[in-house]
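Visitor: fold the following.
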Amino acid sequence: MDIKSLEKIANNLVAEGKGILAADESNGTMSNRLEAVGIKASEISRREYRVNLFSSPGYENSISGIILYDETITQLMDNGETIPEAMMQRGVYPGIKVDTGAKELANHKGEKITEGLDNLRERCINYYKLGARFAKWRAVIRISDNIPSEACIKVNAHALARYAAICQEQGLVPIIEPEVLMDGNHSSKICFDITSKVLAMTFLECSIQGVHLQGAILKPNMILPGISSSEKITREEVANLTVKCLIENVPEEIAGIAFLSGGQSDEDATAHLNIMNKMNDEYPWELSYSYGRALQAAALKEWAEGTPLSSQEAFLKRAFMNHKARTGEWNPELE
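Guide: Numbers count the residues shown, from 1 in each chain. Now for the predicted structure:
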């Protein structure tokens with residue numbers, strides 16, 4: 001483990017004004033999103049959309065790293081460069097999704113365990129050779145009647161910690177993503193309580209596994225009521241609850257926090273991040289973003305209905321909005 005290298009990469013990924021683009025949708029998920037906007041899905045069409053996105057002029061001013069999927073990391077740009085090579089020439093770190101998806105957790109109906117630890121060391125070695133310098137693993141925690149169980153929280157936290165330790169051993173900065181889903185009708189208080197338990201257990205397991213937190217990034221959900229909940233909550237309340245949860249449960253040593261958007265609207269994801277960064281400039285960690293749909297939804301719509309250029313412009317606009325939110329300088333008038 002090269003601690004200095006891990007720390008340098010982790011710090012650069014959460015550099016001021018920058019965040020991470022999550023473009024690691026599986027082939028199935030990306031195909032569904034293309035089909036939803038009327039584009040026939042194939043390996044070719046998935047590559048064409050992403051290559052256009054990665055060709056956007058100046059995106060490196062707002063984006064520090066891009067999480068790729070296994071298919072994408074070996075594909076070529078139109079000029080023949082590999083996608084990781086093209087990114088690195090812009091000073092953008094290539095990342096890679098290494099989990100193999102969430103599967104049913106045995107004896108726990110309705111709960112999931114993320115798999116992918118088998119052969120992870122060997123895959124990390126190969127991904128590093130292909131240019132990856134960080135990785136991502138997502139755990140999925142669902143709130144419903146009597147769930148999540150302690151077993152679900154613990155087994156996912158253990159898997160996240162084992163993943164993180166193996167990645168660091170092979171020179172990859174791990175993004176640790178324990179996502180408490182928005183699905184359901186739960187209150188923001190329940191989301192707060194469950195997220196607190198998940199974070200506490202995750203960092204306990206990371207400590208047991210010897211994860212070097214200064215060379216790792218946390219990708220958490222924000223504290224929100226369930227998408228089917230009748231609870232009304234302001235953006236300021238979301239920001240305050242989220243910060244409170246993080247301060248109470250996240251060690252100061254972690255290199256940075258890069259929020260997931262998790263089904264929020266593009267503008268809500270930006271606004272919540274902006275308020276948190278505007279509230280305080282003395283957090284022990286950087287508050288950044290690792291957004292997928294919140295950076296790509298408008299670009300994908302333009303890819304289908306507009307031109308390659310208008311798709312890039314839509315992506316660059318969302319990237320710039322979140323760039324401003326990183327320093328608390330976003331406002332709705334910019335939209």
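Visitor: name the nearest residue to residue 58, ignoring sequence neighbours.
Guide: Spatial nearest neighbour of residue 58, chain neighbours left out: residue 316 (6.9 Å); criterion: Cβ to Cβ, 6 or more residues apart in numbering. The C-beta positions use only the backbone N, C-alpha and C, and glycine is treated the same way.
Visitor: tell me how many other residues crowd that neighbour.
Guide: 21 (other Cβ atoms under 10 Å).
Visitor: same check, this time on residue 82
Guide: Count around residue 82 with other Cβ under 10 Å applied: 16.
Visitor: make sure it is actually in contact with residue 74.
Guide: Yes: because the distance of 7.2 Å satisfies Cβ atoms under 8 Å, residue 82 is recorded as touching residue 74.
Visitor: how about stretch 281-293: buried residues?
Guide: For stretch 281-293, the neighbour count (16 or more other Cβ atoms under 10 Å) marks 283, 285-293 as buried.
Visitor: please compute how far that stretch lies from its chain's middle.
Guide: Centroid separation for stretch 281-293 versus its chain: 11 Å, with Cα atoms, centre = their mean, to the nearest Å.
Visitor: average model confidence for it?
Guide: The predicted model gives stretch 281-293 an average pLDDT of 93.
Visitor: and for stretch 2-14?
Guide: For stretch 2-14, the mean per-residue pLDDT is 97.
Visitor: partner residues bridging the most centrally placed residue in the chain?
Guide: The C-alpha lying nearest the average C-alpha coordinate of the chain belongs to residue 290 (Cα atoms, centre = their mean; 3.9 Å). Here residue 290 shows beta-bridge partners residue 20, assigned using DSSP bridges.
Visitor: surely residue 158 and residue 206 touch.
Guide: No: counting by Cβ under 8 Å, residue 158 does not reach residue 206; the two are 9.8 Å apart.
Visitor: higher neighbour count, these two?
Guide: Between residue 158 and residue 206, residue 206 has the larger neighbour count (other Cβ under 10 Å), namely 25 against 20.
Visitor: now the more buried one: closest residue in space, sequence neighbours ignored.
Guide: Per Cβ to Cβ, 6+ apart, closest to residue 206 is residue 161, 4.6 Å.
Visitor: select the longest helix from this protein.
Guide: In the chain, assigned by DSSP state H, the helix with the most residues is helix 188-209.
Visitor: packing partners for that helix?
Guide: Helix 188-209 is packed against strand 134-141, helix 150-169, strand 173-180, helix 235-249, with contacts defined by 3 or more Cβ pairs under 8 Å, 6 or more residues apart in numbering; DSSP states H and E.
Visitor: let's go with 6 Å and repeat that
Guide: Applying 3 or more Cβ pairs under 6 Å, 6 or more residues apart in numbering; DSSP states H and E, one finds that helix 188-209 contacts helix 150-169, strand 173-180, helix 235-249.
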